[in-house]
Every structure is written in C-alpha cells, then in structure tokens.
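A.B. asks: fold the following, please.
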Amino acid sequence: MNLNSLDLNLLTALDALLREASVSRAAMRIRLSQPATSHALQRLRDIFGDPLLVRTGARMELTPRALALRAPLAQALDQVRGLFVPDDFDAARSERQFRLMMPDLAVELLMPPLMEKVTRAAPSVRIDVVPWRGSAIFHAEFARTIDLVISIGNAFKGFHRQLLYTDSDALAVRRGHPMAAKLKRRETFLAARHVGVIIRGANEDLIDTWLRAKGIERHISLVVSGYLEALHVAARTDLVAFVPRRLIAALSKQLGLVTVTPPLDPGVDEQFMFHPTRAQMDPGSIWLRRLMLETGRELEQAKRKLS
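C.D. replies: Numbering: from 1, shown residues only. This is a model prediction of the structure:
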C-alpha cells in the first residue's frame with residue numbers, strides 16, 4: 001500500500017461506516033452527503049478488497065474483515081488526532097464538539113445552567129447529548145466516542161468518576177389528586193396505582209428493586225422509559241410517580257405537580273460525572289468538566305438554601 005496515494009479522509013469515513021453500519025447515518029456523523037459517503041465506501045472496498053458492509057434483509061451488516069478493523073482503526077485515529085491537540089484550550093475561539101451521555105432527568109436539571117456557562121465562554125462550542133444506553137455500553141471503544149457521562153452507579157473501567165450532586169426520591173402527583181394527603185401512609189401508598197420508570201439497560205424500576213429487598217411490592221399500572229414521561233403522565237392522571245425530588249421541584253409549577261414525602265425513604269441518590277481516562281489531561285475535557293462540576297455545586301447550594 002502506497003501511503004502517498006491514501007486519502008486520510010477515507011479513514012474518517014471508514015470509522016463512521018464501521019461505527020454506524022449504515023451509509024446514511026455515517027454520512028450524518030461526518031457531515032458528508034450520502035452520495036459522497038457511498039463513493040467513499042466504494043473506494044474503501046477497492047482498497048481493502050472486501051465489501052466491508054453487506055445488506056442483510058432491510059439492514060446492513062459488517063463483514064468479518066470490517067469487524068476486525070474497528071478497534072485498531074479507532075486507536076489509530078485517536079493517535080492521529082492527538083498530534084493536532086493544542087496544549088491549551090481557547091474556549092472563546094474553539095469550535096469543538098463535545099458528546100455527552102445522560103438520562104433525561106440530568107438533561108432537565110443540568111443542561112440549561114451548563115449551556116448558559118458554555119454560551120458565555122465558548123459561543124462556537126457544540127454539545128451533543130445522547131440518551132442513556134445502559135451500563136453495558138461502557139467499553140474501550142465507547143470511551144473513544146464520548147466526553148462525559150452522567151449516571152448513578154459504580155466506577156466503570158476506563159473512566160474516572162466524580163460526585164456531581166445528590167438527591168432523594170419523592171412521590172409526584174397532580175395538584176388536586178384525591179389521595180395526595182394520604183400517600184404518606186404506607187397502606188395508601190401500596191393501594192395507589194403507580195407509574196414505573198425502567199431506563200434502558202435496567203430490568204425494573206430501581207425503586208422496585210429497593211422495595212423488593214424489603215419484601216414490599218407496589219401496584220404498577222404503567223411502565224415508561226424516562227422520568228420526564230412519568231411526570232407528564234402523573235400530571236394528567238391519578239397515577240403516582242416515585243422519582244427524584246429535584247426533578248419534581250423543577251417541573252412542579254409547569255406541570256401542576258405536588259411533592260409528597262413517601263412512607264418509605266430510599267435514602268440518598270448520588271449522580272456522578274464520568275470521563276474517559278484517555279481525556280484526563282485533555283485541556284478541553286478539563287474545561288468542560290470544570291463547568292459541569294460547577295453546575296453540580298450550584299444545585300447543591302440551592303438545595304442547602306431551601307433546607
């Protein structure tokens with residue numbers, strides 16, 4: 001292979017194609033037109049002497065050769081990008097794109113104040129937030145595609161963990177709910193109809209895992225995949241949502257919700273910020289982590305003022 005004749009942009013296209021296993025999604029990822037990405041795929045097929053992507057029914061699948069290329073290609077591109085990373089991060093001039101993963105409640109609580117800070121300091125920086133995809137996603141390849149993760153839970157291999165803020169859980173019901181005043185009683189709580197939240201990667205609502213360990217089972221009438229969905233349902237029905245207290249407070253006025261202290265206290269929820277070990281000394285990552293930690297501290301300060 002004559003490297004002088006190799007267009008390095010093809011490696012970027014190949015990386016996107018291997019990650020997405022889709023020409024259209026790869027085109028969006030690298031901001032090329034679909035025809036241009038299809039042309040790049042054909043050139044790559046000629047270079048490797050392998051189809052790389054093959055159609056199987058309605059979707060495309062990677063060939064064994066393509067699967068074998070994913071990890072070494074990602075590592076090589078990381079090393080090439082590292083050659084061009086400046087020693088300092090000039091936020092005011094930067095056009096960097098950061099990719100964050102977090103559940104919907106973290107988006108609601110953290111992103112508005114964080115974006116105020118980002119907009120003031122770095123107006124051309126872009127933040128892409130992707131939804132929480134479960135702890136199984138935490139592997140070496142994923143660490144190369146993400147800048148920050150907000151989540152509960154233990155440390156993940158290849159990531160550093162820092163406490164961001166704490167919370168507790170409470171019951172949310174619509175204003176005027178006929179059982180609101182009585183939900184503090186255990187028998188009323190157990191008789192009520194609840195909306196459960198099972199986030200991606202989980203088998204059941206974390207509240208139910210905790211309750212089951214105590215030999216208690218509540219009446220689940222509806223299951224949704226996010227906390228915001230649960231609150232929207234609770235606001236328009238007589239279902240009860242058992243969700244983080246900060247989120248209820250943030251949306252109580254907008255949705256017409258009332259916070260009720262549960263008869264059983266699950267204790268303190270801890271939300272953590274995770275960043276890849278590879279980015280530990282990256283100036284841009286350090287800058288973003290500082291803003292996120294500052295946002296978490298502001299949440300904690302607001303909580304102390306209210307208590």
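
A.B. asks: the bottom helix or strand of the protein by mean pLDDT?
C.D. replies: Across the helices and strands of the chain, mean pLDDT, DSSP states H and E gives its lowest value to helix 140-143, namely a mean of 72.

A.B. asks: identify the residues contacting that helix?
C.D. replies: Judged by C-beta atoms under 8 Å, 6 or more residues apart in numbering, the contacts made with helix 140-143 from elsewhere in the structure are 70-71, 74, 158-159, 276-278. C-beta here means a position set from N, CA and C on the backbone, and glycine is covered the same way.

A.B. asks: nearest to V233, of the residues you listed?
C.D. replies: Set against V233, the nearest of those by C-beta to C-beta is F159 (33.1 Å).

A.B. asks: wait, that closest one touches Q280, no?
C.D. replies: No - with contact defined as C-beta atoms under 8 Å, F159 and Q280 do not form a contacting pair (10.2 Å).

A.B. asks: looking at these two, which is more packed in?
C.D. replies: It is F159, of F159 and Q280, that has more neighbours when counted by other C-beta atoms under 10 Å, with 21 against 11.

A.B. asks: hey, what's the more buried one bridged with?
C.D. replies: Residues found in beta-bridge contact with F159 (criterion: DSSP bridges) are P276.

A.B. asks: the stretch 1-150 of the chain: strands as residue ranges?
C.D. replies: Counting by DSSP state E, counting those that start in this stretch, the segments of the stretch 1-150 of the chain that form strands are 53-56, 59-62, 97-102, 126-131, 148-151.

A.B. asks: quick revisit: how about the least confident helix or strand of the chain: buried residues?
C.D. replies: Within helix 140-143, the residues that qualify as buried are 142-143, counting by 16 or more other C-beta atoms under 10 Å.

A.B. asks: from the contacts of helix 140-143, which would you call buried?
C.D. replies: For the contacts of helix 140-143, buried by 16+ other C-beta under 10 Å: 74, 158-159, 276.

A.B. asks: can I get those in TSV including distance to L62 and pLDDT?
C.D. replies: Output for those, formatted as TSV (distance: C-beta to C-beta, whole Å; pLDDT from 0 to 100):
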residue	distance to L62	pLDDT
A74	14	81
G158	23	80
F159	26	86
P276	24	88
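
A.B. asks: farthest-apart pair in those residues, please.
C.D. replies: Based on C-beta to C-beta, the longest span within the buried ones among the contacts of helix 140-143 runs between A74 and F159 and measures 16.5 Å.

A.B. asks: chain center to stretch 151-167, what's the gap?
C.D. replies: 13 Å (C-alpha atoms, centre = their mean, to the nearest Å).

A.B. asks: then stretch 68-77?
C.D. replies: Here stretch 68-77 shows a centroid-to-chain-centroid distance of 24 Å under the convention C-alpha atoms, centre = their mean.

A.B. asks: can you list the buried residues in that stretch?
C.D. replies: By neighbour count with 16+ other C-beta under 10 Å, stretch 68-77 contains the buried residues 69, 73-74, 77.

A.B. asks: if we take the residues you listed, which one ends up nearest to P131?
C.D. replies: Comparing these against P131 with C-beta to C-beta picks out A74 as the nearest, at 22.0 Å.

A.B. asks: gap between that closest one and A170?
C.D. replies: Between A74 and A170 the computed distance is 43 Å (C-beta to C-beta, to the nearest Å).

A.B. asks: could you pull out the buried residues of the longest helix along the chain?
C.D. replies: Of all segments of type helix in the chain, defined using DSSP state H, the longest is helix 283-306. Across helix 283-306, burial judged by 16+ other C-beta under 10 Å covers 283-285, 287-289, 291-292, 295-296, 299, 303.

A.B. asks: now distance to R126 too, for those residues, in a markdown table please.
C.D. replies: Conversion of those to a markdown table gives the following (distance: C-beta to C-beta, whole Å):
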| residue | distance to R126 |
| --- | --- |
| P283 | 17 |
| G284 | 12 |
| S285 | 15 |
| W287 | 14 |
| L288 | 12 |
| R289 | 17 |
| L291 | 14 |
| M292 | 16 |
| T295 | 18 |
| G296 | 22 |
| L299 | 24 |
| K303 | 30 |
